[in-house]
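[1] missing the sequence, but the structure's below:
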């Protein structure tokens, strides 16, 4: 009887596996498979085809360089594979290189807030064999609508259309295996409630003004960021629970985010974030936490360093108290656990500019003889600092 039952279970398992395999309806396309006068037209036609299929894979492989004239907008249930080639933005184009395809652009004000941000899910950008995402050789130059002065539109004052890869309101995503360089502003930006994501194995060279690395802004949860290297001219990892007063600075020409978060229900807290194996050089900081009225909590980090090349001012810096938005209250940051924060040349390995509650920071190492391992905040509550060493 047992032998019969065992045989039945094996048969049922094999049938289930076979059925699951045969139930895979995904399809793979390449831009070259489709008509179009430009590379971007071919890509758009390929993505429209995948929409009809309710998902699939677009493969970039057959050309060494895909020179695009507008952002690649990925719909739900789409995987973009960049295999041994480069995706490059053409000269004098003001746009993202890649973004989630859930934004309804206001054609009358294309650089302002979008008309609608729809929910999206299961979007992946995966690189392999030396895949590169690269900005233009000659950046967009135009008239500043606030000043009337003609200038290059570089940095975060020019809003969300200047980010290299932008995902907003996406549930389930991956960005991996890429070298990101010659950015026009920030590198990888996850905004407005992105969740259940994995950002990994990136070599960042974001050396333009405001060349941040990987940013989670105004809502984000259940995200792993790991194995990040390179050089950033600003902060490498940003967890920014801003409120909208952050963008009241009159130097901002266009909105930094595609929507006002107060218009949506996805929330603005940042929580359940894991960061590990981050080592970058450059300017400013390796990792920063920026709360305001929204909260930051359940943060788990390990092996965060400026590396032997150095250049960063701080390895980990914790802001608050109105530096980046109003409404911060003690207690808005809690359950933060970090192990192995290592400074080679930064002046601080770990600095608190605002209070943190119920947290533990272990193995803080300062290798810079002129630097300091930890700068505490007197309002911290139930915060442990253990194994802090200055060598």
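    Happy to help now that I have it. All values reported here derive from a predicted model rather than from experimental measurement.

[2] give me phi/psi at the closest residue to residue 153 other than its chain neighbours?
    Spatial nearest neighbour of residue 153, chain neighbours left out: residue 140 (4.9 Å); criterion: Cβ to Cβ, 6 or more residues apart in numbering. Any C-beta I mention is one placed from the backbone N, CA and C, and that applies to glycine too. Per-residue torsions, residue 140: phi -60, psi 140 (degrees, to the nearest 10).

[3] how far away is residue 140 from residue 329?
    The gap separating residue 140 from residue 329 is 40 Å, by Cβ to Cβ, to the nearest Å.

[4] and what of residue 376?
    19 Å.

[5] more crowded one of residue 140 and residue 329?
    residue 140 (19 against 14; other Cβ atoms under 10 Å).

[6] give me every residue that touches the more buried one.
    Residue 140 makes contact with 92-94, 152-153, 184, according to Cβ atoms under 8 Å, 6 or more residues apart in numbering.

[7] Ok, residue 250 next?
    Residue 250 sits next to residue 146 when contact means Cβ under 8 Å, 6+ apart.

[8] Hmm, residue 390 is touching residue 366, no?
    Yes. Counting by Cβ atoms under 8 Å, residue 390 touches residue 366, with 4.4 Å between them.

[9] and for those two, which residues touch both?
    372-373.

[10] and the two? which has more neighbours close in?
    residue 366 (25 against 15).

[11] Return the backbone torsion pair for that one.
    According to degrees, to the nearest 10, residue 366 has phi -110, psi 110.

[12] Kindly report the same for the one 4 residues further on.
    Note on residue 370: backbone dihedrals following degrees, to the nearest 10 are phi -100, psi 0.

[13] and the gap between it and residue 350?
    Counting by Cβ to Cβ, the gap from residue 370 to residue 350 is 16 Å.

[14] quick one, which of those two is more surrounded?
    residue 350 (25 against 7).

[15] Provide the partner residues of that one in its beta bridges.
    Under the criterion DSSP bridges, residue 350 forms beta bridges with residue 316, residue 374.

[16] Tell me who's in contact with it.
    Residues near residue 350 by Cβ under 8 Å, 6+ apart: 314-316, 318, 338, 341, 361, 364, 373-375, 385.

[17] Need the pLDDT of it.
    You'll see residue 350 listed with a pLDDT of 98.

[18] For residue 325, which non-adjacent residue is spatially closest?
    Once flanking residues are discounted, residue 325 sits nearest to residue 292: 2.9 Å by Cβ to Cβ, 6+ apart.

[19] Got phi/psi on that neighbour?
    The main-chain torsion angles of residue 292 are listed as degrees, to the nearest 10 and equal phi -140, psi -120.
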